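*Asks:* Got a predicted model here, sequence first, then my questions.
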Amino acid sequence: MHTIPKLAVLILLAVIASAAHAQPKLYHNANIYTLDPDMPRAEVMLVEDGLISAIGSEASVRDAMRVKGIRVIERVDMHGFTILPGLIDAHGHMVGLGALGLGMLDLRAAKSYDEVIKIIRDRASHVPAGTWIVGRGWDNEAWQDTRLPHHAKLSKAVPDHPVWITRVDGHAGLANAHAMELAGVTPATPSPDGGEILRDQKGNAIGLFVDKAKSVIGWVLPAGLTGTTEEALLRAQEMCLSVGLTGVQDAGVSPAEIEVYKKLEAEGKLKIRIYAMIHADDAPAYFEANGTIDSFKLSVYAAKAYADGSMGSRGAWLLDPYTDRPTGAEGKPYTGLVLTKPKAIEELATHALEYNYQLCTHAIGDRANRETLDAYERAFATRAQLPADASSDPPDPRFRIEHAQLLNPDDIPRFAALGVIPAMQPTHCTSDMRWVDDRVGPERAKGAYAWASLLKSGARPAFGSDFPVESHNPFLGIFAAITRQNLTEQPTGGWHAEQRLTRQEALRAFTIDAAYAAFWETRTGTLQAGKLADFIVIDRDIMTCDPLDIADTKVLQTISYGEVVYEAK
Ligand SMILES: [Zn+2]
């Protein structure tokens with residue numbers, strides 16, 4: 001129901017902010033993909049005051065210039081390089097990415113638990129005893145021994161520093177003995193609702209804290225371990241611009257982080273377009289008190305809820321038990337974790353409809369997806385009873401499901417039918433395909449990362465990476481989307497190849513359809529006259545090159561609102 005800003009308002013905003021833009025620039029000798037279905041290719045593009053004022057063939061743009069009375073221009077020779085609309089990551093975590101850039105240990109490349117321990121011991125030898133060591137990205141599924149780690153080995157190697165390292169999916173963390181001591185963990189510490197403290201036979205914690213149990217350690221972690229929020233956001237912004245992202249949808253921020261974004265924008269430091277989803281715990285009160293924000297670079301009109309955990313940590317909520325863990329602690333069938341009850345999602349959805357914000361719910365398991373769709377459906381039905389608001393715009397809530405990883409075939413058409421956007425991450429598929437069959441068996445796996453089926457049903461998937469869970473580089477996502485292979489081109493033909501997308505479809509999901517998921521489609525996502533000049537220059541033609549070469553694409557320039565915000569050295 002969030003109303004799309006009128007183009008005139010946007011242009012006014014653009015002109016106000018455009019003092020720096022002087023002469024119109026004519027980008028020529030370029031290989032331009034516009035993503036505009038009416039004119040997919042163009043030769044030249046005229047950029048004026050941060051907006052695309054004309055695009056098309058040399059002749060048509062020259063005609064447009066004559067009509068506008070433009071005589072003096074700066075010609076920019078693109079040397080035949082490819083130009084694309086700026087890419088948009090529809091689901092990432094800016095502070096998490098920035099923290100990696102600022103010294104949080106990156107454990108994603110470690111090939112074994114021993115290697116993880118070595119990295120931590122190295123860090124421990126450089127910082128005083130008692131200093132927290134934090135890291136993220138370990139992935140037991142990528143180790144030779146894929147069993148979940150036990151803290152004992154780590155605690156022995158690093159006894160004098162509290163250690164907290166989160167798993168690659170962010171849904172589980174490993175603490176050493178020192179950290180658990182600071183947190184006061186004993187065999188009597190209960191697992192909170194929606195979380196689990198994993199224990200041995202004797203009831204002692206083995207160091208692993210899943211989903212909501214992570215807060216047991218989280219509450220003793222000092223703030224600002226890896227720089228301030230502002231430092232982390234600026235570092236993440238730099239990282240994103242350098243891989244061709246002109247927009248990021250930040251999937252879960254606090255009101256305090258919104259204040260930092262606002263400050264950065266006021267100071268002219270926000271170069272990337274941010275759409276921020278406020279944590280569901282804070283969102284209702286926030287929107288009631290503050291309303292929504294739709295400024296030039298910052299959009300705040302969304303809430304982020306969690307229906308379940310992740311498939312990797314077996315926290316995803318399934319319709320039927322896990323294939324590789326059919327029974328849980330008390331011998332009952334084990335189907336994963338419920339992080340927010342469906343009734344609470346429905347209440348949140350109803351509140352969102354009333355206060356004009358978008359609801360984005362993390363749902364990974366087939367049960368979590370079904371329950372979330374059901375909750376949305378019930379809320380949409382209630383909306384008919386809400387008092388009619390003054391605006392004449394038809395309602396357009398565009399609620400989202402983040403990840404939508406495992407779907408029962410019956411639920412696939414419901415996305416399009418309800419107007420719900422699946423916000424998906426192609427590299428999750430190519431990382432997870434090693435073990436998805438183990439978790440859910442080959443039959444259910446047919447509904448995993450079902451991009452092509454969703455597209456065919458009329459839904460509009462929006463793509464992202466879930467960085468720093470996966471790399472923030474969107475070209476890896478495009479490669480994964482069109483091949484469903486890893487970077488050694490395995491498996492041959494692609495994993496469940498029927499769900500691959502074409503290059504055009506993958507690119508749409510990282511541009512105009514990602515824009516649509518944030519109500520940005522009138523301002524960015526395609527290269528069309530009147531839209532913001534958000535585009536990138538890359539070193540190869542990703543629509544024609546060898547698929548594997550897409551993964552190595554180098555971004556030469558990133559341009560946001562006509563301004564060069566990144567340039568390759
Ligand atoms: Zn996420």
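*Replies:* In hand now; what should we look at?
*Asks:* Domain boundaries for this structure, per the record?
*Replies:* The chain breaks down by automatic domain parsing into domains covering 104-218, 228-523.
*Asks:* Residue 36: which of those is closest?
*Replies:* When the domains of the chain are compared by Cβ to Cβ, domain 228-523 sits nearest residue 36, at 8.6 Å. C-betas here are computed from N, CA, C, even on glycine.
*Asks:* could you list every residue that touches the residue positioned nearest the centre of the chain?
*Replies:* Centroid check for the chain by Cα atoms, centre = their mean gives residue 91 as the closest residue, at 1.5 Å. With contact taken as Cβ atoms under 8 Å, 6 or more residues apart in numbering, residue 91 is in contact with 249, 251, 402, 403, 423, 425, 462, 464, 465, 466.
*Asks:* helix/strand/coil for it?
*Replies:* strand (DSSP: H, G, I helix; E, B strand; the rest coil).
*Asks:* Quickly find the element holding the residue of the stretch 151-300 of the chain found nearest the ion.
*Replies:* Residue nearest to the ion within the stretch 151-300 of the chain: residue 251 (4.6 Å; Cβ to the ion). Per DSSP states H and E, residue 251 falls inside strand 245-253.
*Asks:* Which positions within the very next helix or strand once past that strand qualify as buried?
*Replies:* Scanning forward in sequence from strand 245-253 by DSSP H and E, the next helix or strand is helix 255-266. Buried residues in helix 255-266, defined by neighbour count with 16 or more other Cβ atoms under 10 Å: 257, 258, 260, 261, 264, 265.
*Asks:* One more: stretch 237-245?
*Replies:* Buried residues in stretch 237-245, counted by 16+ other Cβ under 10 Å: 237, 239, 240, 241, 242, 243, 244, 245.
*Asks:* which outside residues touch the host helix or strand of the third one?
*Replies:* The reference is to residue 240. Residue 240 belongs to helix 229-241 when elements are defined using DSSP H and E. Outside helix 229-241, the residues that touch it by Cβ under 8 Å, 6+ apart are 89, 92, 94-95, 97-99, 101-102, 226-227, 248, 256-257, 260-261, 263-264, 269-272, 472, 558, 560, 565-566.
*Asks:* Helix or strand: which one has residue 46?
*Replies:* Assigned by DSSP H and E, residue 46 falls within strand 44-48.
*Asks:* what pairs with that strand, and is each one parallel or antiparallel?
*Replies:* Strands that pair with strand 44-48, judged by DSSP bridges, come out as strand 25-28 (antiparallel), strand 51-56 (antiparallel).
*Asks:* Past the top helix by length along the chain, which element shows up next along the chain?
*Replies:* Criterion DSSP state H: the longest helix present in the chain is helix 366-383. The C-terminal neighbour of helix 366-383 among helices and strands, as given by DSSP H and E, is strand 400-403.
*Asks:* So for that following strand, mean pLDDT?
*Replies:* Averaging pLDDT along strand 400-403 yields 98.
*Asks:* What residues of that strand count as buried?
*Replies:* Within strand 400-403, the residues that qualify as buried are 400, 401, 402, 403, counting by 16+ other Cβ under 10 Å.
*Asks:* Which one of these is nearest to the ion?
*Replies:* Distance to the ion across these (Cβ to the ion) is lowest for residue 402, with 6.5 Å.
*Asks:* What sits closest to that closest one if chain neighbours are left out?
*Replies:* residue 362 (4.5 Å; Cβ to Cβ, 6 or more residues apart in numbering).
*Asks:* if I pick the one you found, what's in contact with it?
*Replies:* Contacts of residue 362 were listed using Cβ under 8 Å, 6+ apart, and they are 251, 304, 305, 306, 307, 308, 339, 401, 402, 403.
*Asks:* and what of residue 495?
*Replies:* Each residue near residue 495 by Cβ under 8 Å, 6+ apart is listed here: 429, 430, 433, 484, 485.
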